[in-house]
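> Compute the structure for the input listed below.
(one chain, ligands or ions: 1)
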Amino acid sequence: MKRFVIWGCGGHAREVNWLCEQLGCVVIGFLDERPEMKGQIVNDIPVLGDLSDIEDLREDVDVICAGVGDPALKKRFVEKTLEAGFHPAKALIHPFVKISTRNRIGEGSIICEGSVLTDNIEIGKYVIVNRSANISHDVVIGDYATIAPGANIAGNVTIGEGTYIGIGASIRENISIGSWAVIGGGAFVKDDVPDRTLAAGVPAQIKKHYEENPKKEDPEASIEERIEKEIEDNLEENPEENLAEKE
Ligand SMILES: CC(C)(COP(=O)(O)OP(=O)(O)OC[C@H]1O[C@@H](n2cnc3c(N)ncnc32)[C@H](O)[C@@H]1OP(=O)(O)O)[C@@H](O)C(=O)NCCC(=O)NCCS
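Next up is the predicted model:
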């Protein structure tokens with residue numbers, strides 16, 4: 001049986017591990033770049049370290065890159081995984097998902113419990129459709145996008161690469177949302193949203209434009225600086241969560 005490792009060891013990665021349990025998949029470890037996380041045990045599963053720590057497993061495991069929700073971080077983990085010659089996992093779909101066989105789901109995407117995907121939907125690669133998202137006919141979702149729990153996406157909506165749809169947001173039919181955009185939690189989107197734009201509220205208003213991809217890492221930063229920034233960002237979003245749990 002194929003064995004898996006999951007990028008990240010925070011809350012979402014643990015949920016992905018649970019999804020794997022439901023599918024009867026064997027997860028042998030989490031991956032985390034932070035040296036201090038290597039060797040820790042999370043939900044009875046070891047944190048194996050970085051890809052360089054598991055080179056001898058290259059042909060034995062599939063790597064689940066969608067263990068983190070931040071699209072930019074997810075994309076970096078995908079690129080790193082492919083560059084290192086590891087095999088990314090195929091799409092994983094929870095058994096309690098309602099999904100038409102006429103939909104297309106890209107490699108490495110994850111469709112979580114309770115989601116409903118109706119007809120002729122195209123989901124790109126490494127997309128996360130989190131729990132109880134409702135996706136209607138003819139929707140197209142680009143690579144690396146993350147759809148947070150309970151989002152409602154009406155028919156003929158297009159969502160660009162790397163876009164983050166916040167928890168409980170609703171998007172009306174025929175809307176186009178650009179790439180690397182962010183839709184705030186609870187928004188009702190009734191107008192198109194350009195690339196790299198935050199739209200939030202009811203009805204959603206444009207709040208700001210991101211010069212780079214939202215949360216995009218500084219390419220000049222050292223690995224330590226990047227990791228520190230990821231931790232800061234995650235703490236701002238989830239101040240109640242244990243630092244050690246976050247990717
Ligand atoms: C949108 C979000 C990511 C914040 O993005 P950000 O780039 O850090 O944006 P900021 O916090 O700088 O906010 C910019 C403006 O948008 C407003 N805003 C942010 N999120 C908002 C929301 N959900 N609804 C309404 N307004 C919102 C802020 O109040 C601020 O307004 P102001 O300029 O008038 O003061 C965050 O607020 C959010 O909604 N996250 C969703 C989290 C989620 O889905 N979690 C699920 C995890 S599984």
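> need the contact list for the closest residue to the ligand within the chain.
Residue nearest to the ligand within the chain (CB to the nearest ligand atom): residue 184, separated by 2.8 Å. To be clear about C-beta, it is placed using only N, CA and C from the backbone, and glycine gets the same treatment. Going by CB atoms under 8 Å, 6 or more residues apart in numbering, residue 184 touches 166, 169, 198-201, 204, 207.
> Distance to residue 105, pLDDT and secondary structure added to these, as TSV?
Putting those into TSV (distance: CB to CB, whole Å; pLDDT from 0 to 100; DSSP: H, G, I helix; E, B strand; the rest coil) gives the following:
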residue	distance to residue 105	pLDDT	secondary structure
166	22	98	coil
169	21	98	coil
198	27	98	strand
199	26	98	strand
200	28	98	strand
201	31	98	coil
204	27	98	coil
207	31	98	strand
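> Make a markdown table out of these and add neighbour count.
Listed next are the contacts of residue 184 as a markdown table, based on neighbours: other CB atoms under 10 Å:
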| residue | neighbour count |
| --- | --- |
| 166 | 20 |
| 169 | 26 |
| 198 | 20 |
| 199 | 27 |
| 200 | 19 |
| 201 | 13 |
| 204 | 23 |
| 207 | 13 |
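> Close to the ligand: what parts of this protein are there?
69, 130, 148-149, 166-167, 182, 184-186, 198, 200-201, 207-208 (CB under 6 Å from any ligand atom).
> Between which two of the contacts of residue 184 is the distance greatest?
By the measure CB to CB, 169 and 207 form the most distant pair in those, at 13.3 Å.
> Does the residue most central in space within the chain belong to a helix, a strand or coil?
With distances taken as CA atoms, centre = their mean, residue 69 lies nearest the centre of the chain, 3.6 Å away. Under DSSP: H, G, I helix; E, B strand; the rest coil, residue 69 falls in the coil class.
> go on, the one 5 residues further on?
Reducing the assignment to helix, strand or coil with three-state DSSP, the entry for residue 74 is helix.
> if I pick it, what's in contact with it?
Listed by CB under 8 Å, 6+ apart, the contact set of residue 74 reads 7, 65-66, 68, 126, 128, 144, 146.
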